[in-house]
Every structure is written in C-alpha cells, then in structure tokens.
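coordinates only, sequence not included:
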C-alpha cells in the first residue's frame with residue numbers, strides 16, 4: 001500500500017500546476033489504464049516530509065477509522081474534465097499549498113492512503 005501511495009501521489013521533483021502536467025502524470029503513473037481516474041492529488045514534497053505527517057495527532061478518516069493525520073503540503077490536484085472519455089483521459093490542474101489528510105499504517109508509520 002505504501003508503494004501504491006508513492007506511485008499515485010508523490011512527485012517531489014516537480015511543482016506541477018498545469019493541465020499538461022496532470023495529463024502526463026496520470027498516464028505515466030498508470031491511472032488511466034482501464035478507465036480515467038476522476039480525481040488525484042500529487043504531493044510535491046520530499047517523502048520524509050510526507051512521512052513526518054504520520055507522526056502528528058490521529059484524526060478521523062472519511063471511512064471512520066482513526067489512523068489519519070493532517071499536514072500542510074504543496075500539491076497539484078488533477079480533476080478529469082467533463083468531456084474526457086477513456087482512453088483519451090484529460091485533466092484540469094489546480095496547484096496550491098493546502099491541508100491534506102493521509103492515512104498511515106505500520107511500524108514505522110507509513111502513508112498508505114490519500115484521504116482528502
């Protein structure tokens with residue numbers, strides 16, 4: 001689950017931010033294989049900064065579990081456009097620095113799910 005989280009959400013090398021970035025990364029990270037993933041967030045922070053969020057106070061996840069943690073990071077949100085159809089998935093980008101919530105598991109605690 002940790003490696004899946006890395007593939008789907010972590011891109012420390014980039015600042016992201018535009019539609020071309022989203023279109024390329026969603027394809028490159030295999031989120032347009034069988035259908036277009038409707039929404040995805042890429043975090044533009046070093047993995048150690050992301051992992052440090054797991055050491056913050058536990059909060060409730062959307063699914064009711066108490067293994068979520070909150071932090072502030074630089075992100076690019078990629079949202080599928082209304083006219084997008086598989087296999088030609090197209091995305092709109094929104095870059096920002098915002099609060100995120102991630103679920104962490106294991107010992108040591110590692111990020112396994114991007115909650116919101």
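Okay, I see it. Please read these numbers as outputs of a predicted model, since none were measured by experiment. Numbering: from 1, shown residues only.

what residues are up against residue 16?
Residue 16 is in contact with 22, 25, 42, 44, 75-76, 93, 95, counting by C-beta atoms under 8 Å, 6 or more residues apart in numbering. Backbone N, C-alpha and C define where each C-beta goes, glycine included.

ditto for residue 11
Under the criterion of C-beta under 8 Å, 6+ apart, the contact list for residue 11 reads 25, 42-44, 76.

likewise residue 115?
61-62, 68, 100-103.

pull the longest strand from the chain.
strand 91-105 (DSSP state E).

okay, buried residues for that strand please.
91, 93-95, 100-104 (16 or more other C-beta atoms under 10 Å).

can you check stretch 51-65 too?
For stretch 51-65, by 16+ other C-beta under 10 Å, it's 51, 53-54, 61.

of the contacts of residue 11, which belong to strands?
42-43, 76.

contact partners of stretch 41-51?
In contact with stretch 41-51 (C-beta under 8 Å, 6+ apart) are residues 6, 9-12, 14-16, 25, 71, 73-78, 100, 102, 108-111, 114.

so how far is residue 34 from the closest residue to residue 23 other than its chain neighbours?
Distances taken as C-beta to C-beta, 6 or more residues apart in numbering put residue 91 closest to residue 23, at 5.5 Å, once the chain neighbours are dropped. Residue 91 sits 17 Å away from residue 34 when distances are taken as C-beta to C-beta, to the nearest Å.

give the contact list for the residue located most distally from the centre of the chain.
Most distant from the centre of the chain: residue 83, at 22.6 Å, with distances by C-alpha atoms, centre = their mean. When contacts are counted by C-beta under 8 Å, 6+ apart, residue 83 is found next to residue 90.

kindly report the same for residue 96.
Listed by C-beta under 8 Å, 6+ apart, the contact partners of residue 96 are 74-75, 77.
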